[in-house]
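Novice: Got a sequence here, can you model it:
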Amino acid sequence: MTTTGTHAARTAPGGTGLTLAVLSAATFGTSGPFAASLIGAGWSPAAAVLSRIAVSALLLTIPALLQLRGRWAVLRRGAGRVAAYGLVAVAGCQLCYFNAIERVPVGVALLLEYLAAVLVVGWLWLRHGQRPRRLTVVGTVAAIAGLAMVLGLTGSARINPAGAMWALLAAGCLAVYFLLSAAAGAEPLPPVVMAWAGMCVGTAVLAALGWTGALSMTATTRNVGFLDHQVSWVVPVLGLSLVAAVVAYVAGIGAARRLGAKLASFIGMAEVLFAILFAWLLLGQLPSVVQFLGGAFILAGVTLVRLDELPGHPAPAERPEAGVCAPQLAAADAGSH
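Specialist: Numbering: from 1, shown residues only. A predicted model of the protein is given here:
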(Lines give C-alpha, C1' and ligand atoms only; values in the text may rest on other atoms or scores of the structure.)
Protein backbone atom coordinates (compact mmCIF):
# COMPACT_ATOMS: atom_id res chain seq x y z
CA MET A 1 0.00 0.00 0.00
CA THR A 2 1.43 3.34 -0.92
CA THR A 3 1.70 6.11 1.58
CA THR A 4 0.36 8.51 -1.02
CA GLY A 5 -2.68 6.29 -1.46
CA THR A 6 -3.22 6.31 2.30
CA HIS A 7 -3.06 10.07 2.46
CA ALA A 8 -5.49 10.41 -0.42
CA ALA A 9 -7.90 8.09 1.30
CA ARG A 10 -7.74 10.22 4.44
CA THR A 11 -8.39 13.49 2.67
CA ALA A 12 -11.05 12.37 0.16
CA PRO A 13 -14.72 13.10 0.90
CA GLY A 14 -16.16 10.33 3.06
CA GLY A 15 -19.81 10.32 1.93
CA THR A 16 -19.33 8.20 -1.20
CA GLY A 17 -16.81 5.97 0.53
CA LEU A 18 -19.14 5.26 3.45
CA THR A 19 -22.00 4.51 1.07
CA LEU A 20 -19.86 2.07 -0.92
CA ALA A 21 -18.56 0.41 2.25
CA VAL A 22 -22.08 -0.14 3.60
CA LEU A 23 -23.23 -1.40 0.18
CA SER A 24 -20.31 -3.85 0.08
CA ALA A 25 -21.05 -5.15 3.59
CA ALA A 26 -24.77 -5.50 2.82
CA THR A 27 -24.25 -7.39 -0.43
CA PHE A 28 -21.60 -9.65 1.11
CA GLY A 29 -24.16 -10.38 3.82
CA THR A 30 -26.54 -11.90 1.26
CA SER A 31 -24.15 -14.73 0.46
CA GLY A 32 -25.43 -16.93 3.32
CA PRO A 33 -28.95 -17.65 2.01
CA PHE A 34 -27.72 -18.13 -1.56
CA ALA A 35 -24.87 -20.47 -0.62
CA ALA A 36 -26.97 -22.39 1.92
CA SER A 37 -29.54 -23.26 -0.75
CA LEU A 38 -26.87 -24.71 -3.02
CA ILE A 39 -25.04 -26.61 -0.28
CA GLY A 40 -28.36 -27.95 1.02
CA ALA A 41 -29.07 -29.34 -2.46
CA GLY A 42 -25.80 -31.26 -2.53
CA TRP A 43 -23.28 -28.74 -3.82
CA SER A 44 -19.85 -28.84 -2.22
CA PRO A 45 -18.67 -25.52 -0.73
CA ALA A 46 -15.79 -25.39 -3.22
CA ALA A 47 -18.15 -25.87 -6.16
CA ALA A 48 -20.38 -23.05 -4.89
CA VAL A 49 -17.36 -20.76 -4.53
CA LEU A 50 -16.03 -21.65 -7.99
CA SER A 51 -19.39 -21.00 -9.65
CA ARG A 52 -19.68 -17.70 -7.80
CA ILE A 53 -16.25 -16.47 -8.90
CA ALA A 54 -16.43 -17.82 -12.47
CA VAL A 55 -19.84 -16.31 -13.22
CA SER A 56 -18.73 -13.04 -11.61
CA ALA A 57 -15.69 -12.90 -13.89
CA LEU A 58 -17.95 -13.54 -16.89
CA LEU A 59 -20.40 -10.79 -15.86
CA LEU A 60 -17.57 -8.28 -15.42
CA THR A 61 -15.74 -9.11 -18.66
CA ILE A 62 -17.42 -6.60 -20.98
CA PRO A 63 -17.37 -3.65 -18.51
CA ALA A 64 -13.73 -4.40 -17.68
CA LEU A 65 -12.67 -4.63 -21.33
CA LEU A 66 -14.42 -1.36 -22.10
CA GLN A 67 -12.51 0.36 -19.30
CA LEU A 68 -9.23 -1.18 -20.48
CA ARG A 69 -9.41 0.11 -24.05
CA GLY A 70 -6.03 1.68 -24.74
CA ARG A 71 -4.88 1.04 -21.15
CA TRP A 72 -3.67 -2.57 -21.24
CA ALA A 73 -0.21 -1.47 -20.14
CA VAL A 74 -1.70 -0.40 -16.80
CA LEU A 75 -3.01 -3.94 -16.27
CA ARG A 76 0.37 -5.42 -17.17
CA ARG A 77 2.15 -3.16 -14.70
CA GLY A 78 -0.35 -4.09 -12.00
CA ALA A 79 -0.14 -7.83 -12.70
CA GLY A 80 1.61 -8.62 -9.41
CA ARG A 81 -1.04 -6.88 -7.32
CA VAL A 82 -3.84 -8.48 -9.35
CA ALA A 83 -2.30 -11.94 -8.89
CA ALA A 84 -2.03 -11.43 -5.14
CA TYR A 85 -5.60 -10.13 -5.01
CA GLY A 86 -6.97 -13.12 -6.93
CA LEU A 87 -4.92 -15.73 -5.08
CA VAL A 88 -5.36 -14.36 -1.58
CA ALA A 89 -8.32 -11.99 -1.35
CA VAL A 90 -10.62 -13.92 -3.68
CA ALA A 91 -9.67 -17.62 -3.67
CA GLY A 92 -7.55 -18.02 -0.55
CA CYS A 93 -9.90 -16.23 1.84
CA GLN A 94 -12.92 -18.30 0.90
CA LEU A 95 -11.02 -21.58 1.01
CA CYS A 96 -9.59 -20.80 4.45
CA TYR A 97 -13.02 -19.82 5.74
CA PHE A 98 -14.73 -22.97 4.48
CA ASN A 99 -11.95 -25.11 5.95
CA ALA A 100 -12.49 -23.31 9.24
CA ILE A 101 -16.26 -23.83 9.45
CA GLU A 102 -15.79 -27.55 8.84
CA ARG A 103 -13.95 -27.70 12.19
CA VAL A 104 -15.29 -24.89 14.39
CA PRO A 105 -18.71 -23.20 14.81
CA VAL A 106 -19.50 -20.53 12.24
CA GLY A 107 -19.64 -17.87 14.97
CA VAL A 108 -16.13 -18.67 16.15
CA ALA A 109 -14.82 -18.69 12.59
CA LEU A 110 -16.38 -15.30 11.84
CA LEU A 111 -15.07 -13.75 15.06
CA LEU A 112 -11.53 -14.91 14.32
CA GLU A 113 -11.79 -13.90 10.68
CA TYR A 114 -12.88 -10.37 11.52
CA LEU A 115 -9.77 -9.91 13.60
CA ALA A 116 -8.62 -8.75 10.15
CA ALA A 117 -9.46 -5.21 11.28
CA VAL A 118 -6.94 -5.55 14.10
CA LEU A 119 -4.36 -6.94 11.66
CA VAL A 120 -4.89 -3.96 9.36
CA VAL A 121 -4.34 -1.55 12.25
CA GLY A 122 -1.18 -3.43 13.25
CA TRP A 123 0.15 -3.50 9.70
CA LEU A 124 -0.37 0.24 9.20
CA TRP A 125 1.42 0.85 12.51
CA LEU A 126 4.41 -1.38 11.79
CA ARG A 127 4.78 -0.62 8.08
CA HIS A 128 3.69 3.02 7.83
CA GLY A 129 4.15 4.30 11.37
CA GLN A 130 0.42 4.99 11.83
CA ARG A 131 0.30 4.32 15.56
CA PRO A 132 -3.32 3.71 16.65
CA ARG A 133 -4.68 6.45 18.88
CA ARG A 134 -7.08 6.11 21.79
CA LEU A 135 -10.27 6.33 19.74
CA THR A 136 -9.11 3.56 17.41
CA VAL A 137 -8.11 1.30 20.32
CA VAL A 138 -11.43 1.83 22.11
CA GLY A 139 -13.32 1.39 18.86
CA THR A 140 -11.49 -1.88 18.18
CA VAL A 141 -12.37 -3.30 21.60
CA ALA A 142 -16.01 -2.21 21.26
CA ALA A 143 -16.36 -3.66 17.76
CA ILE A 144 -14.81 -7.04 18.67
CA ALA A 145 -16.97 -7.27 21.83
CA GLY A 146 -20.06 -6.43 19.78
CA LEU A 147 -19.14 -9.03 17.19
CA ALA A 148 -18.88 -11.69 19.91
CA MET A 149 -22.35 -10.73 21.21
CA VAL A 150 -23.91 -10.73 17.75
CA LEU A 151 -22.50 -14.18 17.01
CA GLY A 152 -23.76 -15.52 20.34
CA LEU A 153 -20.45 -16.95 21.47
CA THR A 154 -19.96 -18.50 24.88
CA GLY A 155 -16.79 -19.40 26.69
CA SER A 156 -17.73 -23.06 27.12
CA ALA A 157 -17.11 -24.22 23.55
CA ARG A 158 -13.98 -26.29 22.86
CA ILE A 159 -12.02 -24.88 19.94
CA ASN A 160 -10.46 -27.18 17.38
CA PRO A 161 -6.85 -25.95 16.89
CA ALA A 162 -6.86 -26.69 13.16
CA GLY A 163 -10.14 -24.85 12.72
CA ALA A 164 -8.82 -21.86 14.64
CA MET A 165 -5.70 -21.87 12.46
CA TRP A 166 -7.77 -21.84 9.26
CA ALA A 167 -9.93 -19.01 10.63
CA LEU A 168 -6.84 -16.95 11.50
CA LEU A 169 -5.46 -17.57 8.01
CA ALA A 170 -8.79 -16.29 6.68
CA ALA A 171 -8.31 -13.20 8.86
CA GLY A 172 -4.89 -12.62 7.32
CA CYS A 173 -6.34 -13.03 3.84
CA LEU A 174 -9.19 -10.63 4.62
CA ALA A 175 -6.69 -8.07 5.90
CA VAL A 176 -4.79 -8.37 2.62
CA TYR A 177 -8.10 -7.85 0.79
CA PHE A 178 -8.58 -4.49 2.49
CA LEU A 179 -4.94 -3.46 2.08
CA LEU A 180 -4.76 -4.35 -1.62
CA SER A 181 -8.18 -2.79 -2.27
CA ALA A 182 -7.01 0.47 -0.69
CA ALA A 183 -3.62 0.49 -2.45
CA ALA A 184 -4.20 2.73 -5.45
CA GLY A 185 -0.63 3.54 -6.47
CA ALA A 186 0.41 5.95 -9.22
CA GLU A 187 -1.71 4.15 -11.86
CA PRO A 188 -4.70 2.64 -10.06
CA LEU A 189 -6.73 0.02 -11.87
CA PRO A 190 -10.45 0.88 -12.00
CA PRO A 191 -12.37 -1.10 -9.33
CA VAL A 192 -14.27 -3.03 -12.03
CA VAL A 193 -11.00 -4.07 -13.70
CA MET A 194 -9.35 -4.97 -10.40
CA ALA A 195 -12.32 -7.13 -9.37
CA TRP A 196 -12.58 -8.77 -12.81
CA ALA A 197 -8.89 -9.61 -13.04
CA GLY A 198 -8.87 -10.95 -9.49
CA MET A 199 -11.92 -13.11 -10.24
CA CYS A 200 -10.19 -14.51 -13.33
CA VAL A 201 -7.13 -15.45 -11.28
CA GLY A 202 -9.27 -16.95 -8.52
CA THR A 203 -11.30 -18.97 -11.02
CA ALA A 204 -8.15 -20.41 -12.62
CA VAL A 205 -6.70 -21.38 -9.22
CA LEU A 206 -9.88 -23.03 -7.91
CA ALA A 207 -10.50 -24.82 -11.20
CA ALA A 208 -6.95 -26.20 -11.15
CA LEU A 209 -7.34 -27.39 -7.56
CA GLY A 210 -10.62 -29.07 -8.44
CA TRP A 211 -9.18 -30.69 -11.55
CA THR A 212 -6.28 -32.18 -9.58
CA GLY A 213 -8.65 -33.49 -6.89
CA ALA A 214 -7.29 -31.22 -4.17
CA LEU A 215 -10.79 -29.77 -3.75
CA SER A 216 -14.10 -31.62 -3.85
CA MET A 217 -16.21 -30.24 -6.70
CA THR A 218 -19.76 -31.57 -6.47
CA ALA A 219 -22.74 -29.86 -8.08
CA THR A 220 -26.22 -30.69 -9.27
CA THR A 221 -28.68 -29.17 -11.74
CA ARG A 222 -31.84 -30.11 -9.84
CA ASN A 223 -34.03 -27.45 -8.25
CA VAL A 224 -32.97 -26.08 -4.88
CA GLY A 225 -34.89 -24.79 -1.87
CA PHE A 226 -34.68 -21.02 -1.55
CA LEU A 227 -36.87 -18.90 0.76
CA ASP A 228 -39.41 -21.72 1.12
CA HIS A 229 -39.70 -22.15 -2.65
CA GLN A 230 -38.25 -24.61 -5.13
CA VAL A 231 -36.27 -22.66 -7.73
CA SER A 232 -33.73 -23.39 -10.43
CA TRP A 233 -30.13 -23.70 -9.24
CA VAL A 234 -29.41 -20.77 -11.56
CA VAL A 235 -31.20 -18.36 -9.18
CA PRO A 236 -28.84 -18.74 -6.18
CA VAL A 237 -25.79 -18.95 -8.47
CA LEU A 238 -26.72 -15.62 -10.06
CA GLY A 239 -27.45 -14.16 -6.63
CA LEU A 240 -24.06 -15.26 -5.32
CA SER A 241 -22.30 -13.97 -8.41
CA LEU A 242 -24.05 -10.70 -9.21
CA VAL A 243 -25.09 -9.46 -5.77
CA ALA A 244 -22.68 -11.10 -3.31
CA ALA A 245 -19.61 -10.90 -5.56
CA VAL A 246 -19.77 -8.39 -8.44
CA VAL A 247 -21.46 -5.60 -6.47
CA ALA A 248 -19.75 -6.52 -3.19
CA TYR A 249 -16.17 -6.62 -4.50
CA VAL A 250 -16.40 -3.60 -6.80
CA ALA A 251 -18.03 -1.50 -4.07
CA GLY A 252 -15.50 -2.78 -1.53
CA ILE A 253 -12.53 -1.72 -3.65
CA GLY A 254 -14.05 1.71 -4.24
CA ALA A 255 -14.75 2.14 -0.54
CA ALA A 256 -11.27 1.10 0.58
CA ARG A 257 -9.64 3.56 -1.82
CA ARG A 258 -11.73 6.42 -0.46
CA LEU A 259 -11.70 5.54 3.24
CA GLY A 260 -8.41 3.68 3.64
CA ALA A 261 -7.94 0.06 4.66
CA LYS A 262 -8.46 0.67 8.39
CA LEU A 263 -11.88 2.29 8.34
CA ALA A 264 -13.08 0.04 5.49
CA SER A 265 -12.13 -3.07 7.48
CA PHE A 266 -14.13 -1.91 10.50
CA ILE A 267 -17.20 -1.08 8.42
CA GLY A 268 -16.81 -4.52 6.88
CA MET A 269 -17.88 -6.00 10.22
CA ALA A 270 -21.37 -4.77 9.38
CA GLU A 271 -21.59 -7.76 7.03
CA VAL A 272 -22.50 -9.87 10.06
CA LEU A 273 -25.26 -7.42 11.02
CA PHE A 274 -26.68 -7.47 7.50
CA ALA A 275 -26.56 -11.27 7.43
CA ILE A 276 -28.65 -11.36 10.62
CA LEU A 277 -31.00 -8.70 9.23
CA PHE A 278 -31.58 -10.71 6.05
CA ALA A 279 -32.15 -13.88 8.10
CA TRP A 280 -34.77 -11.93 10.06
CA LEU A 281 -36.53 -10.43 7.05
CA LEU A 282 -36.28 -13.41 4.70
CA LEU A 283 -36.27 -16.39 7.03
CA GLY A 284 -38.14 -15.05 10.05
CA GLN A 285 -35.20 -15.56 12.42
CA LEU A 286 -35.69 -12.79 15.00
CA PRO A 287 -32.41 -11.51 16.52
CA SER A 288 -32.06 -11.69 20.29
CA VAL A 289 -31.70 -8.74 22.64
CA VAL A 290 -28.00 -9.57 23.05
CA GLN A 291 -27.55 -9.49 19.27
CA PHE A 292 -29.20 -6.09 19.08
CA LEU A 293 -26.87 -4.88 21.84
CA GLY A 294 -23.88 -6.36 20.01
CA GLY A 295 -24.91 -4.50 16.89
CA ALA A 296 -24.90 -1.26 18.86
CA PHE A 297 -21.36 -2.02 20.08
CA ILE A 298 -20.17 -2.66 16.53
CA LEU A 299 -21.71 0.59 15.30
CA ALA A 300 -20.15 2.44 18.24
CA GLY A 301 -16.74 0.96 17.41
CA VAL A 302 -17.01 1.94 13.75
CA THR A 303 -18.11 5.45 14.77
CA LEU A 304 -15.09 5.87 17.03
CA VAL A 305 -12.70 4.74 14.29
CA ARG A 306 -14.44 7.09 11.86
CA LEU A 307 -14.05 9.99 14.30
CA ASP A 308 -10.37 9.14 14.58
CA GLU A 309 -10.09 9.50 10.78
CA LEU A 310 -11.64 12.98 10.61
CA PRO A 311 -9.39 15.92 9.64
CA GLY A 312 -9.52 17.27 13.19
CA HIS A 313 -7.56 14.21 14.34
CA PRO A 314 -4.26 14.42 12.43
CA ALA A 315 -2.72 11.10 11.52
CA PRO A 316 0.65 10.08 12.90
CA ALA A 317 3.61 10.93 10.72
CA GLU A 318 3.85 8.66 7.72
CA ARG A 319 6.94 7.63 5.85
CA PRO A 320 7.54 9.95 2.90
CA GLU A 321 8.49 7.31 0.42
CA ALA A 322 5.81 5.55 -1.61
CA GLY A 323 5.72 2.02 -2.90
CA VAL A 324 3.84 -1.23 -2.76
CA CYS A 325 4.39 -3.16 0.43
CA ALA A 326 6.38 -6.23 -0.56
CA PRO A 327 5.08 -8.40 2.31
CA GLN A 328 1.56 -7.99 0.93
CA LEU A 329 2.44 -10.05 -2.09
CA ALA A 330 4.37 -12.60 -0.07
CA ALA A 331 1.47 -13.02 2.33
CA ALA A 332 -0.80 -14.37 -0.47
CA ASP A 333 -3.99 -12.78 0.84
CA ALA A 334 -7.33 -14.53 1.32
CA GLY A 335 -10.95 -13.60 2.04
CA SER A 336 -13.90 -15.35 3.60
CA HIS A 337 -16.99 -14.43 1.74
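Novice: how about Phe34, what does it touch?
Specialist: Contact analysis of Phe34 by CB atoms under 8 Å, 6 or more residues apart in numbering lists Phe226, Pro236, Val237, Gly239, Leu240, Val243, Ala244. From N, CA and C alone the C-beta is placed, and that goes for glycine too.
Novice: immediately after whatever helix or strand the second one lives in, which helix or strand?
Specialist: Yep, that's Pro236 we're talking about. Taking DSSP states H and E as the criterion, Pro236 maps to helix 234-238. As assigned by DSSP H and E, the chain's next helix or strand after helix 234-238 is helix 248-259.
Novice: That next one: how far from the chain's middle?
Specialist: 10 Å (CA atoms, centre = their mean, to the nearest Å).
Novice: can you point me to the longest helix in this structure?
Specialist: Of all the elements of type helix in the chain, the one with the most residues (DSSP state H) is helix 45-68.
Novice: Could you give the average pLDDT over whatever helix or strand comes next after that helix?
Specialist: From helix 45-68 onward toward the C-terminus, using DSSP H and E, the following helix or strand is helix 72-77. Averaging pLDDT along helix 72-77 gives 88.
Novice: next one: stretch 98-105
Specialist: When pLDDT is averaged over stretch 98-105, the result is 78.
Novice: Also stretch 200-208?
Specialist: Here the average pLDDT along stretch 200-208 is 94.
Novice: repeat for stretch 237-246
Specialist: Rounded to a whole number, the mean pLDDT of stretch 237-246 is 94.
Novice: residues making contact with it?
Specialist: Judged by CB under 8 Å, 6+ apart, the contacts made with stretch 237-246 from elsewhere in the structure are 27-28, 30-31, 33-35, 38, 48, 51-53, 55-56, 59-60, 195, 199, 337.
Novice: Among those, name the buried ones.
Specialist: In terms of neighbour count (16 or more other CB atoms under 10 Å), the buried residues within the contacts of stretch 237-246 are 27-28, 30-31, 33-35, 38, 48, 51-53, 55-56, 59-60, 195, 199, 337.
Novice: The closest residue to Ala251 other than its chain neighbours: what's it in contact with?
Specialist: Spatially, and ignoring its direct neighbours in sequence, Ala251 is nearest to Ser24 (4.0 Å; CB to CB, 6 or more residues apart in numbering). Ser24 makes contact with Val247, Ala248, Tyr249, Ala251, Gly252, Ala255, Gly268, according to CB under 8 Å, 6+ apart.
Novice: my read: the second one touches Leu20, true?
Specialist: No - under the criterion of CB atoms under 8 Å, Ala248 makes no contact with Leu20, lying 10.4 Å away.
Novice: Would you verify that Gln230 is located in a helix?
Specialist: No - under DSSP: H, G, I helix; E, B strand; the rest coil, Gln230 falls outside any helix and is assigned strand.
Novice: now it: how far from Phe34?
Specialist: In this structure, Gln230 lies at 15 Å from Phe34, with CB to CB, to the nearest Å as the measure.
Novice: for Leu60, same thing?
Specialist: Leu60 sits at a distance of 18 Å from Phe34 (criterion: CB to CB).
Novice: just Leu263 next, same as before
Specialist: As judged by CB to CB, Leu263 and Phe34 stand 28 Å apart.
Novice: swap in Gly252?
Specialist: As for Gly252, its distance to Phe34 is 17 Å (criterion: CB to CB).
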